[in-house]
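K.L.:
requesting a structural model of the entry that follows:
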Amino acid sequence: MSKSVYLLSEIDDSDLNVGGKARSLGYLIKQGIQVPQGSVIIGDVYDWYTEKTGIRGRIIIELSRKKFTDMRWEELWDASQRIRNMFNKTSIPEKIREEIKPQLTQYNEKKTAVRSSSAAEDSGQTSFAGLHESYVNVSGIEEILEKTRLVWASLWSDAALLYRQELGLSVDESTMPVVIQEMIQGDVSGVAFSKSPNNPEEMMIEAVYGLCKGLVDGKVEPDRWTIKRENMEITSHFEPIREISIIASENGSKETTLPETKRHTPPIDNSRLTQIANLVLKLEKIFGKPQDVEWTINEDEIYIIQARPITTIQDKDDIRNWYLSLRRSLDNLIELEKRITKEIIPEMIHEATQLEKTNLTQLNNPELIEEINHRAGRMKHWHDIYWDEFIPMAHGTRLFGQIYNDRVKPDDPYEFTKLLSGTNMLSLERNNRITEIARKLSENPPLKEKILQGSTEEQATRLKEEITELFARYNLDIKSIIGLLDEIQDTEKEQPKKKEAEKLTEKYLKSFEKDQQSFAEEALRLGRSSWKLRDDDNILLGRYETLLKKALDEAKKRLLDTGVEPIEDMLEDEIILSLLQEEKVVTREKREHIEEEKFKPRQLVGQPAVPGLITGKARVINEESDLFKFKKGEILVCDSIDPNMTFIVPLANGIIERRGGMLIHGAIIAREYGIPCVTGIPNATKLVETGDSVTVDGYLGLVIINRL
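P.N.:
Modelled structure (predicted):
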């Protein structure tokens, strides 16, 4: 390789592998636009690194586990986490370092920004904006190389994976040049659209005090102006509550409180606003397309940090936008956590408790239908909140995992979960209560018989009330569950070792400087809270599903017993009607299809969710009644473990799920109990049959079917 690093000012129209961002910046410099001086590490260096270290082949293997179209967001994150760990654990070879370092000596004593510049980034057809990593206030060549490696890794973030697959870009076609620019300590920064997303006759400019990172990360709400393109008339100015700004610090950036004078003053005045507007229109003319521009002001000079074409405005339901919305900052997650724990959860519990007081049998038919419609509406309400609030909160676990892995660089990319266990999850508390009841009955067999026979004896009545209260909430039949109690009472699962977690916590905290300890501790605390909520939210939502199912069951009973047809006519929602008519059974046609399968693979590839290796007899759960046939030591095989199924998890020696991802409910519970688990097995309940001897390899994400 003759040259691996180019100055931005050296970039011309030749076919250099510098990426869209670097090419645009180089072109702006030649047009006399004020751009921070910088260089680009060409994409060939990324190719060299991934080939020499073997990472390229490992990425191909990782992305071949499952058809991409079948992967859920949890599985995308799992894959990206494992790939990121490959980069974390693989140093840049000395030969590559020797090639790059002499060409970066001018940055040894300067603060820099290290940014992505992928081949498809900032092109007129595609935009990877927000999908790849950028780092500010980077010090020295060694840290530049470290951050370069993380930018390379971000080529395979979960959101970037989704976009790349949609564009049809393969591993071989994906590369990542990296831009290094001198850091401009902006007093004021912002973004501008030469054509407003809302009105092409206008342009939009946003500004914040400090670095633009505050605006881009969503930590700081900007002032926002709309301006007529033809005459620069300001048509609107949104003024936020100005409280904080993001400024450069020794460790990158930090949040600071704005002085009182700035709180009541917009970051830029009308004169400066007009300057920026004219500059942005000039950039549009230079490139011949509407531009999305990032800018900053330092010592009265306006610098263009980057400019990219405005691609077609995406639909608000575009899944890429939803993926990006899941990526939250620590501060944002802390506020979200407060809202969930202080407002949402107490309201959910209070409302469910009130609904449970309604005696459905005493309602006449119109009242029952009204109750069904009301419960369906409340379930939809909380389901929407689940997606808007609880799912983004799961990023607390993802964020901590990334912070931990980037700092500690463990061999196991999921080692961080050992620090998150033992948070008194609702499902574990429920399971502990079931186990306690099971032991009481095992110690007193006559009492068990009295409960089953409906004895009115005080001890039997008291325990039956306790069982009824617990199981009614989760829609479990008392007689069926009591049949499992002999199995449950003898269940002991090894919990994650407390001493190991304490050692890992100490190792994690030691990886931070003293002035970063509070950040490290808060990230860990939030990770634990997010881990717990990721399970609890399923239990809370399941409570509303149970409430609706009870009302529907009462309606079904009346239809069967009395033939009252008007019930169906009074339902407001076709979905509710379908629920009323639905029966959870495996159809004869489905069974015949399974039996007619001529070829079934012996090895299934999924996602490694919980490490461990175990062999046992499979128990496939196709319908609710299958749960009560489960025997201690069997391998649980299911579509997905819903909250009302977790009472049998302690009985299982291994778990296989069709739904994939380390952050799904079943995988989280399996980790709490230390049960080997593989998720993301397509057609798991079809390819494995009850009674099959199966081996669950939670290290590699494999399931071996040991057929004779």
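K.L.:
so who does residue 296 touch?
P.N.:
184, 186, 188-190, 211-212, 302-303, 305 (C-beta atoms under 8 Å, 6 or more residues apart in numbering). No exception for glycine: its C-beta is placed from N, CA and C like everyone else's.
K.L.:
and if you look at residue 645?
P.N.:
Taking C-beta under 8 Å, 6+ apart, one finds 621, 627, 638 in contact with residue 645.
K.L.:
for these, which one is nearest residue 82?
P.N.:
Among the contacts of residue 645, residue 638 lies closest to residue 82 (C-beta to C-beta), at 23.9 Å.
K.L.:
backbone dihedrals for the nearest residue to that closest one once chain neighbours are set aside, please?
P.N.:
Closest residue to residue 638 apart from its sequence neighbours, by C-beta to C-beta, 6 or more residues apart in numbering: residue 621 at 4.2 Å. Here is the backbone geometry of residue 621 (degrees, to the nearest 10): phi -100, psi 100.
K.L.:
neighbours of residue 621, how many?
P.N.:
20 (other C-beta atoms under 10 Å).
K.L.:
one more: the one 10 residues further on?
P.N.:
Residues contacting residue 631 under the criterion other C-beta under 10 Å number 13.
K.L.:
residue 114 contacts residue 183, correct?
P.N.:
No: between residue 114 and residue 183 there is no contact under C-beta atoms under 8 Å: 9.8 Å.
K.L.:
which one of these two has more residues nearby?
P.N.:
Shown here are residue 114 and residue 183; by other C-beta under 10 Å, residue 114 has more neighbours (26 against 22).
K.L.:
for that one, helix, strand, or coil?
P.N.:
Using DSSP: H, G, I helix; E, B strand; the rest coil, the structure places residue 114 in strand.
K.L.:
in ChimeraX, how would I select just the buried ones from the contacts of residue 296?
P.N.:
Those of the contacts of residue 296 that count as buried under 16 or more other C-beta atoms under 10 Å are selected in ChimeraX with:
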select :184,186,188,189,190,211,212,302,303,305
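K.L.:
does residue 33 really touch residue 304, like I thought?
P.N.:
Yes: with contact defined as C-beta under 8 Å, residue 33 counts as touching residue 304 (5.5 Å).
K.L.:
closest one to residue 346 out of the contacts of residue 645, please.
P.N.:
Nearest to residue 346 among the contacts of residue 645, counting by C-beta to C-beta, is residue 627 at 30.8 Å.
K.L.:
so for the contacts of residue 645, which is the shakiest by pLDDT?
P.N.:
Checking pLDDT across the contacts of residue 645, the minimum falls on residue 627 at 84.
K.L.:
neighbours of the nearest residue to that residue once chain neighbours are set aside, just the number please.
P.N.:
With sequence-adjacent residues excluded and distances taken as C-beta to C-beta, 6+ apart, residue 627 is closest to residue 648, at 5.7 Å. If you count neighbours by other C-beta under 10 Å, residue 648 ends up with 27.
K.L.:
my read: residue 648 touches residue 634, true?
P.N.:
No: if you go by C-beta under 8 Å, residue 648 and residue 634 don't touch, sitting 9.3 Å apart.
K.L.:
thinking again about what came up before, for the residue nearest to residue 638, give me its contacts.
P.N.:
627, 630, 636-639, 645, 685.
K.L.:
so among the residues you listed, which ones count as buried?
P.N.:
Neighbour counting over the contacts of residue 621 (16+ other C-beta under 10 Å) leaves 627, 630, 636-638, 645, 685 as the buried ones.
K.L.:
of all the residues you listed, which two lie farthest apart?
P.N.:
Maximum pairwise distance among these (C-beta to C-beta): 14.3 Å, between 630 and 685.
K.L.:
just to revisit the earlier point, adding secondary structure and distance to residue 603, write the contacts of residue 621 out as TSV.
P.N.:
Listed next are those as TSV, based on DSSP: H, G, I helix; E, B strand; the rest coil; distance: C-beta to C-beta, whole Å:
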residue	secondary structure	distance to residue 603
627	helix	27
630	coil	25
636	strand	19
637	strand	15
638	strand	20
639	coil	20
645	helix	26
685	helix	17
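K.L.:
using JSON lines, lay out the residues you listed together with distance to residue 455.
P.N.:
Formatted as JSON lines, the contacts of residue 621 follow (distance: C-beta to C-beta, whole Å):
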{"residue": "627", "distance to residue 455": "26"}
{"residue": "630", "distance to residue 455": "27"}
{"residue": "636", "distance to residue 455": "34"}
{"residue": "637", "distance to residue 455": "38"}
{"residue": "638", "distance to residue 455": "35"}
{"residue": "639", "distance to residue 455": "39"}
{"residue": "645", "distance to residue 455": "30"}
{"residue": "685", "distance to residue 455": "40"}
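K.L.:
from those, which one has the minimum pLDDT?
P.N.:
For the contacts of residue 621, the pLDDT minimum is residue 645, 78.
K.L.:
isn't residue 699 right next to residue 610, touching?
P.N.:
No: using C-beta under 8 Å, residue 699 makes no contact with residue 610, being 9.5 Å away.
K.L.:
give me the more crowded residue out of residue 33 and residue 304.
P.N.:
Legend: neighbour count by other C-beta under 10 Å for residue 33 and residue 304, higher for residue 304 (22 against 17).
K.L.:
report the beta-bridge partners for that one.
P.N.:
Beta-bridge pairing for residue 304 (DSSP bridges): residue 295.
K.L.:
quick check, pLDDT for the residue sitting nearest the centre point of the chain.
P.N.:
Central residue of the chain (C-alpha atoms, centre = their mean): residue 395, 4.9 Å from the mean position. The pLDDT attached to residue 395 in the predicted structure is 86.
K.L.:
one more: residue 247?
P.N.:
Residue 247 is assigned a pLDDT of 86 by the prediction.
K.L.:
which strands and helices sit next to the helix or strand hosting it?
P.N.:
Under the criterion of DSSP states H and E, residue 247 resides in strand 244-249. If contacts are counted by 3 or more C-beta pairs under 8 Å, 6 or more residues apart in numbering; DSSP states H and E, strand 244-249 sits against strand 134-139, strand 202-209, helix 213-216, strand 252-257.
K.L.:
tell me the helix or strand right after the helix-or-strand element of the chain with minimal mean pLDDT.
P.N.:
Within the chain, confidence by mean pLDDT, DSSP states H and E is lowest for helix 588-596 among all helices and strands, at a mean of 37. As assigned by DSSP H and E, the chain's next helix or strand after helix 588-596 is strand 603-605.
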